[in-house]
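**Q** Need coordinates for the below:
(2 chains)
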Amino acid sequence: GQSLEQPSEVTAVEGAIVQINCTYQTSGFYGLSWYQQHDGGAPTFLSYNALDGLEETGRFSSFLSRSDSYGYLLLQELQMKDSASYFCAFLGVDSSYKLIFGSGTRLLVRP
Amino acid sequence: DTAVSQTPKYLVTQMGNDKSIKCEQNLGHDTMYWYKQDSKKFLKIMFSYNNKELIINETVPNRFSPKSPDKAHLNLHINSLELGDSAVYFCASSQVASGNTGELFFGEGSRLTVL
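**A** Here you go, the predicted structure:
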């Protein structure tokens, strides 16, 4: 089958660095995407990794290891506004018209 | 200018009723989707359309009927509503079937509550 696993919740302090892990299982793989969703809001696209390694976009970075079926989202210099749910996702092996999401990680940033 | 807009934002209705949600995107994308997000925040694809053609129907009960009059619009009609249909329904769009980046643009969601 196809699935993604993430921790359900992570707590961190303002100004700190936090890593949200994602392990996945699929028979075919194109790349790993990350989304942010604030309470009551829409999911918004953060990043995509097609190749192994780290992709950096401002305070956020995303990492992928295809051999380990593993990726993570790294958030640096945490701000209160980063409190949100974060989802990893990949395109379904049977159709690129289907983005499959993990169950999401709720990040709580404390002052 | 809202990229993906859906209406209504909230629906509260009784079991057995029929309801519709409308979605429009002004991004010029070819592909549109309906996702359901349950109370545990799990996001699950329901349908995807490419250029008005149904591509994915993810084993959704046939009480749910999507319609795409043109590639900028994708509506969702739900018949005989059940308690388990209570959720937030998100419309989304993308260029070239999620392209190579899995980047979808989501609407703000329509929160359906079935009493």
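
**Q** Can you show me the helices along chain B?
**A** Remark: no helices are assigned in chain B by DSSP state H.

**Q** now chain A
**A** Using DSSP H, chain A contains no helices.

**Q** ok, the residue of it found nearest chain B - contacts?
**A** With CB to the nearest CB as the measure, A:Ser33 is the residue of chain A nearest to chain B, at 3.5 Å. Placement of C-beta: from N, CA and C, glycine included. Shown in contact with A:Ser33 (CB atoms under 8 Å, 6 or more residues apart in numbering or on different chains): A:Phe45, A:Leu46, A:Ser47, A:Tyr48, A:Cys88, A:Ala89, A:Phe90, A:Leu99, B:Thr101, B:Gly102, B:Glu103.

**Q** Can you report how many residues lie near the fifth one?
**A** I take that to be A:Cys88. For A:Cys88, the neighbour count with other CB atoms under 10 Å in any protein chain shown is 30.

**Q** So which helix or strand of the chain has the lowest pLDDT on average?
**A** Defaulting to chain A. For chain A, counting by mean pLDDT, DSSP states H and E, strand A:95-101 ranks last in confidence among helices and strands (a mean of 82).

**Q** You answered for a different chain; I wanted chain B.
**A** Between all helices and strands in chain B, the lowest mean by mean pLDDT, DSSP H and E belongs to strand B:53-57, at a mean of 90.

**Q** That one and chain A, are they touching?
**A** Yes. Applying CB under 8 Å from any CB of the partner chain, one finds strand B:53-57 touching chain A at B:Ile55, B:Ile56.

**Q** in that strand, what's buried?
**A** Neighbour-count burial for strand B:53-57 flags B:Ile55, B:Ile56 (criterion: 16 or more other CB atoms under 10 Å in any protein chain shown).

**Q** For residue 58, the count of nearby residues, please.
**A** In the absence of a named chain, this looks at chain A. If you count neighbours by other CB under 10 Å, A:Gly58 ends up with 7.

**Q** not quite, I wanted chain B
**A** Count around B:Glu58 with other CB under 10 Å applied: 16.

**Q** doesn't B:Met46 make contact with it?
**A** Yes. B:Glu58 lies in contact with B:Met46 (CB atoms under 8 Å); the separation is 5.7 Å.

**Q** what ranges of the chain fall below the confidence cut-off?
**A** Using chain A. A:96 (pLDDT under 70).

**Q** was after chain B, sorry
**A** Residues of chain B that meet the criterion pLDDT under 70 lie in B:96-100.

**Q** tell me which parts of it are close to chain A?
**A** Going by CB under 8 Å from any CB, the residues of chain B near chain A are B:31, B:33, B:40-45, B:48, B:50, B:55-56, B:58, B:90, B:97-98, B:100-109.

**Q** Buried by neighbour count, from those residues: which ones?
**A** Buried members of those, scored by 16+ other CB under 10 Å, are B:31, B:33, B:41, B:43, B:45, B:48, B:50, B:55-56, B:58, B:90, B:97-98, B:101-109.

**Q** Right, I'll leave it there.
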